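Chemist: Return a 3D structure for these sequence lines:
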Amino acid sequence: MINRRQFMQGVGALGATSILGAPSFSHAQALVNNKPSRLLFVMMNGGYAPIMTSAASFAGNTTAEMSFGFGDGGNMPFEQVGDVSYDTTAWGDISESIKTRLGCIGTVGASNHNSAHHFWKSSQGGLAQALASNMGGNAAIKAARVGSVIGASDGTDVGGVALEPVSSLESALATLNGAGDIITQEQRPIVGNMIDRTLSRFEGIGYENRENLSSLISGYSAYSASLKTPAATVDADEISAAYTGITDQFGLGGKLKVAEGLLRSGVNVVCVGAGDGTFWDHHDDNNGSRSRAAFADMVPGLNAFCDRMMGRDDMNMSIVFVSEHSRIPLISNHGPHLSTLIISDNVVTGASTGITDRGGLIADADTDKPIDAWKAAIGEMVGLYGADNPWGAAAQHRSLWKYG
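Modeler: Prediction:
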């Protein structure tokens, strides 16, 4: 039996707008290469020095506009994958599952810490929420956040989808897989059908306040669909074992463990923070040593995640690294350009694109064409085209993708 609190916990996972707003729930799952799409955002809190990758379109920039590297002489140890370079001191041990899926988008869009909202917030609602809502599917949670993610909470819910904070793998799987004291796996379709019968009985009567109650029906309908859909069987112990012994200074390995469980259970979009607070606020890191050490610290966790999650038969996985701004090499101050690293089953290996707009800080995200094009590109990467993509078309970046 499921009690009222437990039932509303499930409805709450759809976001408050499933009751208060008038959402439109789409249960068709976005597919890429005939596989369900999954997306992981890694937020580099604080603005990172982009020694990892460079969009080719920024290779000729002046020192003050550089988006990559330390020093003009090319003396740093770089490795080239197509049009994407990476610093081997920082990421020399990345696995083949990463190297063969590297891509990069160069863009303008941020020059201070307050600019994180350009990535997460717009008139279309929160970035993660909008993507997760339009990606569809029947998971009770469609978008989740693990750890501190600067700016992510600025975005509003979309279509009843909220960015749910998740603290542990076990609690997430309990909610998604019907474990523990919430509802058993066998009861999910029974309860879902019960809700359907209740809804059909009341639909024949009509409602005094039809607008509000129809929104309530939308929320219950979405929850009913999630209950009737068999939850993915995910072994928390097996996942945890894969990340045992992985330690890093910002707990990324542990966050990726939770992210894996969420994504394998059907969550569309997961956001994790690479460092709490403003970890990557590396002023005076003029030779890049602090940034390189931090990047190198990420490798074991990322290798474990990518080796397990890339190239799977049951999903098309993508990872996007982003920050509120970049830092200008040599002086480690805020820079106008940002190279966004992508690791994806849907990226052409070594592909790189870029849009430049040398206006510096952009005050209004709704008129920020480079950032909107960036958002549209992420939408296309996960299979959202036409009316399904909240930011329209991304012709400038379409050469990045293998499929679609």
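Chemist: Going by neighbour count, list what's buried in the strand or helix carrying residue 294.
Modeler: Secondary-structure assignment from DSSP states H and E places residue 294 in helix 289-309. Buried residues in helix 289-309, defined by neighbour count with 16 or more other Cβ atoms under 10 Å: 290-292, 294-306, 308-309. The C-beta positions use only the backbone N, C-alpha and C, and glycine is treated the same way.
Chemist: Give me the residues contacting that helix.
Modeler: Helix 289-309 has contacts (Cβ atoms under 8 Å, 6 or more residues apart in numbering) with 38, 40, 48-49, 51-52, 87, 89-95, 97-98, 101, 242-243, 246, 248-250, 252-253, 256, 259-260, 263-264, 274-275, 279-280, 282, 285, 315, 317, 319, 343.
Chemist: Now, of these, which are buried?
Modeler: Looks like the contacts of helix 289-309 have 38, 40, 48-49, 51-52, 87, 89-91, 94-95, 97-98, 101, 242-243, 246, 248, 250, 252-253, 256, 259-260, 263-264, 274-275, 279-280, 282, 285, 315, 317, 319, 343 buried, using 16+ other Cβ under 10 Å.
Chemist: Just to be sure, which of those residues are found in helices?
Modeler: 89-91, 97-98, 242, 252-253, 256, 259-260, 263-264 (DSSP state H).
Chemist: mind listing what the residue lying closest to residue 142 once chain neighbours are set aside touches?
Modeler: Counting by Cβ to Cβ, 6 or more residues apart in numbering, residue 132 is the residue found nearest to residue 142 once chain neighbours are left out, at 4.1 Å. With contact taken as Cβ under 8 Å, 6+ apart, residue 132 is in contact with 142, 143, 158, 161, 267, 268, 269.
Chemist: now residue 258
Modeler: Residues in contact with residue 258 (Cβ under 8 Å, 6+ apart) are 146, 166, 167, 168, 169, 172, 272.
Chemist: Closest one of the contacts of residue 132 to residue 106?
Modeler: The nearest member of these to residue 106, counting by Cβ to Cβ, is residue 269 at 22.8 Å.
Chemist: ok, for that closest one, nearest residue in space, not its chain neighbours?
Modeler: residue 132 is the one closest to residue 269 (Cβ to Cβ, 6+ apart), at 4.2 Å.
Chemist: do the same with residue 246
Modeler: residue 253 (3.6 Å).
Chemist: How much space separates the one you found from residue 300?
Modeler: 7 Å (Cβ to Cβ, to the nearest Å).
Chemist: who touches both of these two?
Modeler: Counting by Cβ under 8 Å, 6+ apart, the shared contacts of residue 253 and residue 300 are residue 246.
Chemist: The nearest residue to residue 155 once chain neighbours are set aside: how many residues sit nearby?
Modeler: Once flanking residues are discounted, residue 155 sits nearest to residue 126: 2.0 Å by Cβ to Cβ, 6+ apart. Neighbour count of residue 126, defined by other Cβ atoms under 10 Å: 27.
Chemist: coming back round to it: doesn't the residue nearest to residue 269 fall inside a helix?
Modeler: Yes. Under DSSP: H, G, I helix; E, B strand; the rest coil, residue 132 falls within a helix.
Chemist: And it, how close does it get to residue 311?
Modeler: Separation of residue 132 from residue 311 (Cβ to Cβ) stands at 23 Å.
Chemist: sorry, back to before: so what's the residue nearest to residue 155 up against?
Modeler: With contact set as Cβ under 8 Å, 6+ apart, residue 126 has these partners: 120, 143, 152, 154, 155, 156, 157, 158, 163.
Chemist: which residues touch the fifth one?
Modeler: The one in question is residue 155. By Cβ under 8 Å, 6+ apart, the neighbours of residue 155 are 117, 120, 121, 122, 125, 126, 127, 128, 129, 130, 163.
Chemist: Thank you kindly, that will do.
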